[in-house]
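Engineer: output the structure for:
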Amino acid sequence: MITFVTTCSRQIPEWPVIPEFGQWASVLSNRVPLSRFLTLQPGSCDHEVARRLNWSSLAPSWLRHRQLGLQAKDQNFMLEDSAFWIFGGSVHYFRVPRAYWRDRLLKMKACGLNTLTTYVPWNLHEPERGKFDFSGNLDMEAFILLAAEVGLWVILRPGPYICSEIDLGGLPSWLLQDSSMKLRTTYEGFTKAVDLYFDHLMARVVPLQYKNGGPIIAVQVENEYGSYNKDPAYMPYIKKALEDRGIVELLLTSDNEDGLSKGTVDGVLATINLQSQNELRLLHNFLQSVQGVRPKMVMEYWTGWFDSWGGPHHILDTSEVLRTVSAIIDAGASINLYMFHGGTNFGFINGAMHFQDYMSDVTSYDYDAVLTEAGDYTPKYIRLRELFGSISGVKVPEDVRKPLSACSPASWQGASLPLPPDLLPKVRYEPVVPAFYLSLWDALPYIKEPVTSEKPVNMENLPINDGNGQSFGYTLYETTITSSGILSALVRDRGQVFLNTETIGFLDYKTKKIPIPLIQGFTILRILVENCGRVNYGENIDNQRKGLIGDIYLNDTPLKKFKIYSLDMKKSFFQRFTAEKWDPVPGVPTLPAFFLGALSVTSFPYDTFVKLEGWEKGVVFVNGYNLGRYWNIGPQETLYLPGVWLNEGINQVGQEGQKSWPGPVIQFMEMPYLGRQQYVE
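Structural biologist: Reported below is the predicted structural model:
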């Protein structure tokens, strides 16, 4: 079911290398073997890049003797002896298919930006304690190398906590195995794990710093700690942890208005996060009162906002964005656009919010950002490119105010900003009719041996994955009952309740009790619990264990003797379902179930959007890639399918559906169903 598509399936363009940034790779190669960062296998794309580049002649002499780096002097940033204005944008490598990294970064450069900012997600890089993954789409070093090649400096935001609307704010779920865990504090169980992670991570980051010839000009100390503020010793600990491991570039903090007064740390430049012009007073009043005359920076200017299941679709008007960005720059501040390009919460990595109500974030991280989820230009892009071009005296042709569909990047050749890359084509493929099916109940014998336990065990504490528990997906709890009554349980986050194979309802944050109808004899009680996303922001992150939490009661009597199945939906999970295990889809299938169909691509594969009209809730897989969750409560109604994950020919489309059988069709669209207009406002 797993097919890998390499970026070399397309012709490699001769991208221009910006001379003032290229030399760093030569300096770096004298310190660390280049093979550590690039896979130089003959025929690979990175091999082609390395073959073309002549590292020795790509930089002016002053960059060969880097000494001072980025400094915060008086009211200006200085890079070596020159004033430097940070025009940054956020792109997260883990939310963008690796084959599209270059496209997104070239679009950033062409918008007039000079600095990339990115988070580093601990939970994805260390999915099991002591086992690290920096491969494929998680190759942070390759992403930073690519930014340098394109001509962008880098501000790294390594956490350990990053928020980022990602599960548990980027902290690994196995930390919660400790019932006394105090995340984001100097609690020994937390700092011991951070120290081991930083030992590994910083060994990769240190060679990429500016003073070592790399593009990283600044590193952030944690993230928005002022809004958490549980331990006054924590931020000094993180600062020291970075410095002790060789971080020598400028250190920054970032906080929103509520946390700014509590998030600072001695010797670290404070920056702010905001969206409203009303908050700009903080640039002058608070920052100056705390740290005197220092450079001002908005680390996160929110260009839009994220969506939650069951909530509204957020849109921030282009004109408002332009007014606020202009006001920030007029105030003499540097700026980072969060997000420049949001991308996608592929798989189960989305986070959640829980203040009055629990709200799970949708799969798309489009964010109403400067580029769309699929990397397309927006009115914000056109207007911001004009703004940043005007600051540097660059003339942007008037025809960028035409509809984007009529505005070819080739028409921008008169500008001295780099040419924006052409848009990647989008295709409406023929609908797919699932041909094969496997009910969850028929699939259970092929899943790994269930955990047996006298009591329910939460997801994180299941004795699986070499003792690391389960991070994402679903967990199925089974026990036997012999009477009716009232079933009550603490379920995190959503539990579908079955008697044998018939569903009788759901348990969640608001519904904690459900009636059990009259039954005869021994009946299997099943609860299929979905982790919809751990909270990524707020004070209750220590309480984000998933599954059944504590005992489950029938008529106030705790139930015993459980079988617990881990349904993590990893690629290895589906490899157990070999061809002979699937049956043709019946007229009325038993749900929940897995469905399998074939998408035929007769020409070169391009991006598309999967539309699941009529389907209620589930997950979609294509060629083994988890596109993420769908749910008919909206606001998201389509899933982004990158063309680089498709093959010319037959592609396998797998789907997990929990409830209702609407019919057999899975549709494909050229645009997201709730797409943004493609014209300048």
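
Engineer: please name the nearest non-neighbouring residue to Pro450.
Structural biologist: With sequence-adjacent residues excluded and distances taken as C-beta to C-beta, 6 or more residues apart in numbering, Pro450 is closest to Lys563, at 4.3 Å. Every C-beta, even on glycine, is put in place using the N, C-alpha and C of the backbone.

Engineer: actually Val665, not the one I wrote
Structural biologist: Pro431 (4.8 Å).

Engineer: from Val622, how far off is that neighbour?
Structural biologist: Taking C-beta to C-beta, to the nearest Å as the measure, Pro431 falls 14 Å from Val622.

Engineer: looking at the two now, which is surrounded by more residues?
Structural biologist: Set Pro431 next to Val622 and count neighbours by other C-beta atoms under 10 Å: Val622 wins out with 24 against 13.

Engineer: so that one is in contact with Ala598, correct?
Structural biologist: No. Judged on C-beta atoms under 8 Å, Val622 makes no contact with Ala598 at a distance of 10.9 Å.

Engineer: overlap of the contact sets of these two?
Structural biologist: Here Val622 and Ala598 have Asn651, Gln652, Val653 as joint contacts, going by C-beta atoms under 8 Å, 6 or more residues apart in numbering.

Engineer: and the next helix or strand past the helix or strand hosting the second one?
Structural biologist: Same thing as Gln652. Per DSSP states H and E: Gln652 is located in strand 649-657. Sequence-wise, the next helix or strand downstream of strand 649-657 (DSSP H and E) is strand 667-669.

Engineer: other SSEs contacting that following strand?
Structural biologist: strand 608-611 (3 or more C-beta pairs under 8 Å, 6 or more residues apart in numbering; DSSP states H and E).

Engineer: on contacts alone, who are the packing partners of the strand it packs on?
Structural biologist: In terms of contacts (3+ C-beta pairs under 8 Å, 6+ apart), strand 608-611 is packed against strand 638-641, strand 667-669.

Engineer: could you single out the most deeply buried of those?
Structural biologist: strand 638-641 (a mean of 25; mean count of other C-beta atoms under 10 Å).

Engineer: outside of it itself, list whatever touches it.
Structural biologist: 344, 363-364, 373-374, 607-612, 620, 622, 627-628, 630, 668-669, 672-674.

Engineer: Gln71 and Gly467, how far apart?
Structural biologist: Using C-beta to C-beta, Gln71 is found at 46 Å from Gly467.

Engineer: same drill for the two, tell me which one is more crowded.
Structural biologist: Gln71 (18 against 12).

Engineer: what's the closest of the helices and strands packed on strand 608-611 to Ala270?
Structural biologist: Closest of those to Ala270 is strand 638-641, at 35.9 Å (criterion: C-beta to C-beta).

Engineer: and the strands in the stretch 551-681 of the chain, which stretches?
Structural biologist: Listed in chain order, the strands found in the stretch 551-681 of the chain under DSSP state E, counting those that start in this stretch are 553-554, 557-558, 562-567, 583-584, 593-601, 608-611, 617-622, 625-631, 638-641, 649-657, 667-669.

Engineer: so which residues make contact with the fifth one?
Structural biologist: Read it as strand 593-601. 429-430, 432-440, 443, 574, 577, 582, 585, 622, 646-657, 666, 668.

Engineer: drop anything exposed from those.
Structural biologist: Buried members of the contacts of strand 593-601, counted by 16 or more other C-beta atoms under 10 Å: 429, 432, 434, 436-440, 443, 574, 577, 582, 585, 622, 646-647, 651-657, 666, 668.
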